[in-house]
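>>> I would like to see how this sequence folds:
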Amino acid sequence: MKENLEEGQIVLCTVDRIVGTIVFVKIEGYNLEGTITFSEISPGRIRNIREYAFPGKKIVCKILSIRQQGIYLSLRRVKLKEKTELNERLKLEKSYNSVFKAVLGEKTNNVLKEIEEYTSLIDLVEEAKNSPKLLEKYLSKEEAEKIISIINERKIKDKILQKRFSLSSKNSNGITLIKTIITQARGNAEAEVIYLGAGKYDIKMKSKDLKQADNTLKNIIETIEKSAKTQNLQFLAEKL
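The predicted model follows:
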């Protein structure tokens, strides 16, 4: 239902077809169709649309507007952080679904359908970790306790966040300057910087707290940019 969607929301879509300069997609989980104009696929001229979208491909999009005549989406406006957060949420939802199926068996679909009429599975389970009785609205006490027990036993896997930037210098000691700037900006943070060539670098960080890792990488990149300006180096933060 359209009323369950909001402008600015990040959604998973499956490309259905491409007609002219319009990409038609199915919005996963909502049984709705949306459209993306080529100008919202990627900035600049698109030489080969199949590099970005083709029937059957799953893409993460942002809802630009919801109107009576349709739902309008964007691929190019989705930030890496937003895409990562949605993918992590989808993985978590898949994990919770498997736990429910293991405990409930054949009645899983009926229970999940009932839950989703009032709230999302993820939101319910996260609240139930502290208040297991919330699940008893849909399950027996024994089933609820078993599900929470299994979920709590599962280890939280580290998440990897990645950003990219370019840094170059025409100075004779440019390589030394670049190494010094990156090392000082990174400090004691457990971040890995990888040289890709042509002045481009990837910086990665593994953490169980995605928000904290994103803030750390953001601070490192901001520090690199400030130092680059004072040393007359060329800096550019890039999108992945």
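
>>> Residue 230 and residue 186, how far apart?
To residue 186, residue 230 is 17 Å away according to Cβ to Cβ, to the nearest Å. (Each C-beta comes from the backbone N, C-alpha and C, glycine too.)

>>> which stretches of the protein aren't confidently modelled?
1-3, 155-158, 240 (pLDDT under 70).

>>> which residues make contact with the helix ranked longest in the chain from outside it?
In the chain, with assignment by DSSP state H, the single longest helix is helix 80-104. Residues lying outside helix 80-104 but in contact with it, judged by Cβ atoms under 8 Å, 6 or more residues apart in numbering, are 10-12, 60, 62, 108, 111-112, 120-122, 125, 139, 143, 146-147, 150-151, 154, 159, 161-163, 210, 214, 239-240.

>>> Now with 6 Å, please.
With contacts defined as Cβ atoms under 6 Å, 6 or more residues apart in numbering, helix 80-104 is touched by 10, 60, 108, 111, 121-122, 125, 143, 146-147, 150-151, 214, 240.

>>> for that helix, which positions count as buried?
Buried residues in helix 80-104, defined by neighbour count with 16 or more other Cβ atoms under 10 Å: 81, 83-86, 90, 96, 99-100, 103-104.

>>> nearest spatial neighbour of residue 65, skipping sequence neighbours?
Of all residues not flanking residue 65 in the chain, residue 72 sits nearest, at 4.8 Å (Cβ to Cβ, 6 or more residues apart in numbering).

>>> What strand or helix carries that neighbour?
According to DSSP states H and E, residue 72 maps onto strand 70-74.

>>> what sits up against that strand?
34-36, 40, 61-65.

>>> Tell me where this protein has strands.
For the chain, the strands defined by DSSP state E cover 10-19, 22-27, 32-37, 58-67, 70-74, 159-168, 191-197, 200-207, 234-238.

>>> would you list those in a markdown table and tack on mean neighbour count and distance to residue 116?
Below are the strands of the chain laid out as a markdown table (neighbours: other Cβ atoms under 10 Å; distance: least, Cβ to Cβ, whole Å):
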| stretch | mean neighbour count | distance to residue 116 |
| --- | --- | --- |
| strand 10-19 | 17 | 16 |
| strand 22-27 | 20 | 15 |
| strand 32-37 | 18 | 15 |
| strand 58-67 | 17 | 19 |
| strand 70-74 | 19 | 20 |
| strand 159-168 | 18 | 25 |
| strand 191-197 | 13 | 38 |
| strand 200-207 | 17 | 30 |
| strand 234-238 | 14 | 38 |
